[in-house]
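# no FASTA, just this:
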Ligand SMILES: NC(=O)C1=CN([C@@H]2O[C@H](COP(=O)(O)OP(=O)(O)OC[C@H]3O[C@@H](n4cnc5c(N)ncnc54)[C@H](O)[C@@H]3O)[C@@H](O)[C@H]2O)C=CC1
Ligand SMILES: O=C(O)[C@@H]1CCC=N1
């Protein structure tokens, strides 16, 4: 019997699987995975993760079934297995598939929980939101909390916050990578070598974030500590205000929260 069976081994699910192996939370031999894309099987094998022949085999031999496919295909992928999932436990990361949505098509005996992770779990620095409303047994819920805690920070949040808060932490890495890239471009424009510029940008971002997390100071206070009167930083701050950095980031979160209305 395996501890977790991953259905779908794409960007997010593989980051979680490889993160929990690196964190020594589970051994690779406690994990099995299945992906319709044969290339993903190569990735599983290279990390000594067993490759299931099909979803039937994966469900039969896994204590937890992990749903790591795109939201658009969750129901079509699970539909043929609704009976086989009876009395099983599901961990799902599909955006929009919260507790209530799963209740509409799973058997009542299938226990399930919705988690919104982010890709930095791969380097054990994730931010994962766990929906408070779930139907796992107590020890199963503890397992899920411990698993995501092994690969980053965890917050248990009420259902109504899952999609909104999950947008900040789940989509946020993409926004932050754009900021890193742009900061580096600025330095490259002024003559800094490209690789050095990425290191400076990323380490600066990580250091500033750690400082806020550890001091709990208001970000504005921390910003003021960098801005010398008449100095260089405040000139950069003015350029960012001119470019509506803050308004743009606020809009980015709103656009991501309301993405379905835009389609
Ligand atoms: N990428 C991210 O940063 C985050 C993603 N998520 C959620 O994670 C889920 C997966 O997203 P990504 O990893 O980005 O997508 P992805 O496209 O990288 O991974 C999805 C995987 O599912 C596989 N797949 C599709 N149909 C399948 C089937 N019938 N059986 C087995 N495997 C199948 C695909 O081949 C692919 O490897 C989504 O539901 C998304 O909402 C949640 C938080 C963050
Ligand atoms: O873009 C997406 O739909 C997924 C969900 C959160 C991050 N990536």
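The structure has been received and is ready for your questions. Fair warning: this is a prediction, and the values are worked out from it, not measured in the lab. Ligands and ions are numbered 1, 2, ... in the order given.
# which pLDDT does the model give the closest residue to ligand 2 within the chain?
Minimum separation of the chain from ligand 2 (CB to the nearest ligand atom) falls at residue 170, amounting to 3.4 Å. (Each C-beta comes from the backbone N, C-alpha and C, glycine too.) For residue 170, the pLDDT comes out at 97.
# what's the spacing between it and residue 220?
According to CB to CB, to the nearest Å, residue 170 and residue 220 sit 26 Å apart.
# more neighbours, these two?
residue 170 (22 against 8; other CB atoms under 10 Å).
# next up, phi/psi of that one, please.
Main-chain dihedrals, residue 170, degrees, to the nearest 10: phi -80, psi -50.
# check which helix or strand residue 20 maps to.
Here residue 20, judged by DSSP states H and E, is contained in helix 11-22.
# enumerate every residue touching the residue most central in space within the chain.
Nearest to the mean C-alpha position of the chain, by CA atoms, centre = their mean, lies residue 118 at 1.6 Å. Going by CB atoms under 8 Å, 6 or more residues apart in numbering, residue 118 touches 126-128, 152, 169-170, 172-173.
# partner strands of the helix or strand that comes right after the helix holding residue 20, with direction?
Proceeding N to C from helix 11-22, the next assigned helix or strand is strand 31-34, under DSSP H and E. Strand pairing for strand 31-34, determined by DSSP bridges: strand 2-7 (parallel), strand 50-51 (parallel).
# out of those, which comes closest to residue 260?
With respect to residue 260, and counting by CB to CB, the nearest of the strands paired with strand 31-34 is strand 2-7 at 23.5 Å.
# tell me the angle that closest one makes with helix 11-22.
Interaxial angle of strand 2-7 relative to helix 11-22 (axes from the mean of the first three to the mean of the last three CA atoms, to 10 degrees): 160 degrees.
# which residues touch strand 2-7?
Strand 2-7 has contacts (CB under 8 Å, 6+ apart) with 13-14, 17, 26, 30-34, 50, 52, 55, 58-59, 61-69, 77, 91.
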